[in-house]
Structure formats: C-alpha cells, structure tokens
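Asker: Have a look; sequence and predicted model below, questions after that.
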Amino acid sequence: MAMLSRVAEHLYWLARYLERAENTARLVNVNGSLILDLPKHARPGWSSLIAITGADDIFYRLYPDAAEGHVVKFMLADSENPGSILTSIRNARENARTVRDIIPREAWEQINELHLKARENLASGLSPKWRHAFLSEVILSVQMISGILNGGMSHDAGHEFMNIGCNLERADMTTRIIDVRSLSLSQKDQAEALKPFENILWMSVLKSLTAWQMYRRHMQTSVRRDAVLKFLLRDGQFPRAFRFCLDTVENCLDRLPRSAQVLQALSPLKEQIEAGNPEKLGQNELMEYIDQLQIKLGDIHIAIGKTYFGAEEGQGQSQ
C-alpha cells in the first residue's frame, strides 16, 4: 500500500508541475503583450507576475527590483523559485522518472526532451527577441505530453490522481490571475490610470488562460469585468474555469476509494461558487472572496495528502 501511495503522489505532482510550467509560460507571454498594448503611464509592469506566484519574499531577497530582466529570469530559470519554468519541468521530470513503468514510454521521452531543450535554449528565453518562441515551445510541448498521457495511459486510479493534480493547479492559477489583476484596479495609485484600459486588462486575463475565443463564443458580449468573472469562475464547460476544475476533481474523487474526507473538504468550495455571485462584488470584496477560494483549495490539497499520500500538513512536495 505504501508503494501505491508513493506512485499516486508522484503522478499527482507530475501533473501539477507540468501544468505549472505551462501556466507560467502563458503568464510571461501575455504580460509582455499587455505591456505593449498599454500606454507607459498605465502599464502594470512586471511586479504583478511575482505577486501572482506568491513568491515576493524569495524574489526580493534575490533581486533589487522588479525590472523586466530580473522578473523574467526569476520566472523562467531561477532554481530558488519553486514555480519557475525550469524548476517545474525538472520536478515534473523527476516525478516522471520515478513512475516510468506506469506512464507511456512516449510521455517519459517527451518530458525528458522538454527538460533538455528548455535548459539548452534558456538563453533565447531570456532574450526579449526570442522569448515568445521559447515560451510557445514550452506550452506546445506540455500540451503534447498531456495528450500522450490522456490518450496512451489507462484511465485507472493513477490517471485520476493526475487529473486531480492538473485541475487543482489550474483552479489555483485562475484565482491568482484574477486576484492580482483585481488588485491593480483597486490600488489608488494605479486604478485611475488603468480605468480607461480596464477592458484590455481583463482581456489579458482571458488570454492568460487561453479563454478569449471560448469567452466570445459562450458569453457573446464584449469584454467586461462582470462577464469575465462569471465565465472564469462559474462556467461549467470551459476547462480552465474554476467551476469546471472543481467538477472534474469531484468526479475523479467519486471514482476513487476512501474519498469521503477529501469530498468533505471540497464541499464548502462548491457551495461558495454555486451560491455566490462574485461578478457583482466590488474590487476589495472580490479579493477577499478569492482569498477564501484559495484557502479552501489548500484544504483540499492537504486532505488529499493525508488521505492518499500519508502526508501531514506541511509535508510533501512544493505547493
């Protein structure tokens, strides 16, 4: 049973780290485009990316300021940043190596190749001229690996743990992006300058989550704060919407044994999303609402560790 617990944990974290690498690549890409779209006096800058990852303490211990070069290096390559692209890919590879006999051989080969290519091409990723190409390669590689895992791996308990890990990571990133962009619009020194460009800011949120086209298709309205929040938090069909991620985690847990404790931890979060209307909240109230979502996501993660991995709070791999 201990071996099964270790395998489940490695598969769970393999999916989380792959998703984290892709999410981080998307964030850096979209932030670069957003800065070009806004006039200089209204640009949110690069410090918002550090806030999204929650790594402020680590970053400002290592770098004197949030200049573009410092932030990009931290997000892409810094080994002391647990959420950097290289760190996430390396951790994904290590988890994949441990379960090589469980996942398709092709998936392991692609993960290993992504790890090698990301290290070899890092200099181009740090260069403004070639950054987009580097990040796009990371995104497409992770998507290919996910396709191989979904299409070439038995949809058994191991696959359920991967699905849970992937969707918890997605749900977490969706709330983080909304939280930080809302913070930009609530701070007095930024809010006035950003107000005329608020829709551009919310469009960048959609693009960070590859949600722009599906938003247009399903919401059939221009980009507005209330509609974007409703779509990203409460839509049940878009794969990166918070509600969709929760539903997927719940369905996976329903198919796993001994899931009662985890489902009990998930229940308050489902109730909060179903009962609330976050799109009607003011900026400060919205940030408090998002904070509660993130705390409850952490509760689910802890319950999964205790139930299936034999982990106590604070143990396990990097959240």
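Answerer: Looks like it came in fine. Numbers count the residues shown, from 1 in each chain.

Asker: If I look at the closest residue to R181 other than its chain neighbours, what pLDDT would I see?
Answerer: Excluding the flanking residues, the one nearest R181 by C-beta to C-beta, 6 or more residues apart in numbering is V205, at 5.3 Å. Just so you know, the C-beta spots here come from the backbone N, C-alpha and C atoms, and that holds for glycine as well. Looking at V205, its pLDDT reads 89.

Asker: cool, the one 4 residues further on as well?
Answerer: On the pLDDT scale, L209 is placed at 91.

Asker: returning to that earlier point: now name the helix or strand holding the residue nearest to R181.
Answerer: Applying DSSP states H and E as the criterion places V205 in helix 198-208.

Asker: try S79
Answerer: Assigning secondary structure by DSSP H and E places S79 outside every helix and strand.

Asker: Under the pLDDT cut-off, which ranges of the stretch 51-200 of the chain? List them.
Answerer: Residues of the stretch 51-200 of the chain meeting the criterion pLDDT under 70: 184-194.

Asker: again, only this time at 90
Answerer: Along the stretch 51-200 of the chain, segments meeting pLDDT under 90 span 51-54, 176-200.

Asker: Now do the strands in it.
Answerer: Ranges of strands in the stretch 51-200 of the chain, per DSSP state E, counting those that start in this stretch: none exist.

Asker: How about residues contacting stretch 32-52?
Answerer: 27-28, 31, 56, 59, 66-68, 70-72, 74-75, 128, 131-132, 176-177, 179-181, 183-184, 190, 193-194, 196-197, 200-201, 204, 207 (C-beta atoms under 8 Å, 6 or more residues apart in numbering).

Asker: filter those to the buried ones?
Answerer: Buried members of the contacts of stretch 32-52, scored by 16 or more other C-beta atoms under 10 Å, are 27-28, 31, 59, 66, 70-72, 74-75, 131, 176-177, 179-181, 183-184, 190, 194, 197, 201, 204, 207.

Asker: Next up, the contacts around the residue nearest to R181.
Answerer: Counting by C-beta under 8 Å, 6+ apart, V205 has contacts I177, I178, R181, A211, V228, L232.

Asker: Closest to S5 out of those residues?
Answerer: I177 (32.4 Å; C-beta to C-beta).

Asker: Can you give me the distance of that closest one to S127?
Answerer: 25 Å (C-beta to C-beta, to the nearest Å).

Asker: where does the stretch 201-319 of the chain dip in pLDDT?
Answerer: Flagging of the stretch 201-319 of the chain using pLDDT under 90 yields the residue ranges 201-205, 208, 274-285, 287, 310-319.

Asker: show me where it has helices.
Answerer: Here the stretch 201-319 of the chain has its helices, by DSSP state H, counting those that start in this stretch, at 212-219, 225-234, 242-254, 260-275, 283-304.
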